[in-house]
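Novice: The sequence isn't on hand, but the structure is:
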């Protein structure tokens, strides 16, 4: 995200990162991102940033993400201890709160009842991702 970008303080004393399109890479293919309740922090922010700049981002999963994209602050104390605390509510690139166990909501929720509906068996989530990419699952191992 830092490549070809710049940062500045906005009105709320937060950093915003402006990502400029790369002149070397111009890929407009759809992007499919698989998530579950264990997807947390930076991936949640990345999904939000991609959704803001691209219309063909598809998030697929059985649940929302963890909703733990909070920033932390560290204060180094004189006795060599470190105080670490969370900094308020984290908002995504569209201004919606994503922490406090809300998380990123998948575009498509795929329910499964057994591990046999996942890799390496009959992977329902992978099949859904291939559908968004326009690829037949018969052509993929």
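Specialist: Thanks, I have the structure now. Computed from a predicted model, the values in this text were never measured in an experiment.
Novice: now the strands: where do they sit in this structure?
Specialist: For the chain, applying DSSP state E gives strands covering 5-9, 15-19, 31-35, 57-61, 72-76, 82-86, 108-109.
Novice: Residue 31 touches residue 53, doesn't it?
Specialist: No: using Cβ atoms under 8 Å, residue 31 is not in contact with residue 53, being 11.0 Å away. Just so you know, the C-beta spots here come from the backbone N, C-alpha and C atoms, and that holds for glycine as well.
Novice: who has more neighbours, these two?
Specialist: Ranked by neighbour count (other Cβ atoms under 10 Å), residue 31 and residue 53 place residue 31 first, with 16 against 10.
Novice: Quickly note the distance from the more buried one to residue 123.
Specialist: As judged by Cβ to Cβ, to the nearest Å, residue 31 and residue 123 stand 19 Å apart.
Novice: for this structure, which helix is longest?
Specialist: helix 42-53 (DSSP state H).
Novice: ok, the nearest residue to residue 51 once chain neighbours are set aside to residue 29 distance?
Specialist: The shortest distance from residue 51 to any non-neighbouring residue, by Cβ to Cβ, 6 or more residues apart in numbering, is to residue 57 (5.1 Å). Distance, residue 57 to residue 29, using Cβ to Cβ: 11 Å.
Novice: and what of residue 97?
Specialist: In this view, residue 97 and residue 29 are 30 Å apart by Cβ to Cβ.
Novice: Of those two, give the one with the bigger neighbour count.
Specialist: A direct count of neighbours by other Cβ under 10 Å for residue 97 and residue 29 places residue 97 higher, at 13 against 8.
Novice: Right, I'll call it a day here.
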